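Undergrad: I would like the atomic coordinates for the input below:
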Amino acid sequence: MAKAPRAGMVKTRLQPPLGADEAARLNVCFLRDTVENIALVASEGAARGLICYTPIGDEAAFDGLLPEGFALIAQRGDLFGERLLGAAKDILSCGFGAVCLIDSDSPTLPTNALRAAVRELAAPDERVVVGASEDGGYYLIGMKRAEPRVFERIKWSTGTVYEETVERAREAGVELVELPKWYDVDDAATLSMLERELLNGERPPFGTTKGFDAKWTREFLVERVRLVGGVL
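TA: The predicted model follows:
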């Protein structure tokens, strides 16, 4: 799930400490690292990478950013839950046996979390796979059929999204598989956490495994540190 990386339209909660152009460049790095992580899992034969993007008409913003084999699918709907449900329906309608919706704000998401999601969704029973973010949201939700109830009555962009999603899944009687917690980068505090992880090798305090080697994001951070003279 991704927005076209246009200055002033992405990573607005990181402005400041970043300027609009700087935030857009960082967003491009996040996209590159995320799709490379997904492509690594896809190359193992059990998955395929797609970008479900917004806004329609900004397809050219993704030129040169995606690995071979990735396709673009437009988001639809107004509310965020509607967009997630629409993406799940549209992707499953293409003939896939399952879908994982993944944020584009977690460039160091451990590859093994993606592998676990693919593995769990290859099992025979119906289930919903969810990966919690440190801020109370989630970085991934996966399912074999589009289940509207897991996107209903959710207070989006709050610290209760994950908890409410788990509750909706249980209300629907769907088996729930929880992936290890990780984090998305959307404010100064999580940007600092990202810098410590990629520049100093410090695993997040809740991390149980090593994160993905997000080389594009690391190069951006190294250059930023050089320019500003220190780590945030």
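
Undergrad: Arg149: neighbouring residues, count only.
TA: 15 (other Cβ atoms under 10 Å). Where you see a C-beta, it was placed from the backbone N, CA and C, and this is true even at glycine.

Undergrad: who touches it in this structure?
TA: Arg168, Ala169, Glu171, Ala172 (Cβ atoms under 8 Å, 6 or more residues apart in numbering).

Undergrad: Out of the residues you listed, give me the two with the largest separation.
TA: With distances taken as Cβ to Cβ, the most widely separated pair in the contacts of Arg149 is Ala169 and Glu171, at 7.3 Å.

Undergrad: More neighbours: which of those two?
TA: Remark: of Ala169 and Glu171, Ala169 carries more neighbours, 22 against 12, as counted by other Cβ under 10 Å.

Undergrad: how near is that one to Gly137?
TA: Distance, Ala169 to Gly137, using Cβ to Cβ, to the nearest Å: 15 Å.

Undergrad: cool, and Lys215?
TA: Using Cβ to Cβ, one gets 25 Å for the distance from Lys215 to Gly137.

Undergrad: Tell me which of the two has more neighbours.
TA: Just comparing Lys215 and Gly137: by other Cβ under 10 Å the higher neighbour count belongs to Gly137, 23 against 14.

Undergrad: How many residues are close by Asp33?
TA: For Asp33, using other Cβ under 10 Å, the count is 24.

Undergrad: Which residue ranges of the protein form strands?
TA: Assignment of strands within the chain using DSSP state E yields the ranges 2-3, 50-54, 71-74, 99-102, 127-133, 138-143, 175-182.

Undergrad: Specify the stretch among these that is closest to Val161.
TA: strand 138-143 (6.5 Å).

Undergrad: For that closest one, name the packing helices and strands.
TA: Strand 138-143 sits against strand 99-102, helix 111-121, strand 127-133, helix 161-171, with contacts defined as 3 or more Cβ pairs under 8 Å, 6 or more residues apart in numbering; DSSP states H and E.

Undergrad: All good on my end, thank you.
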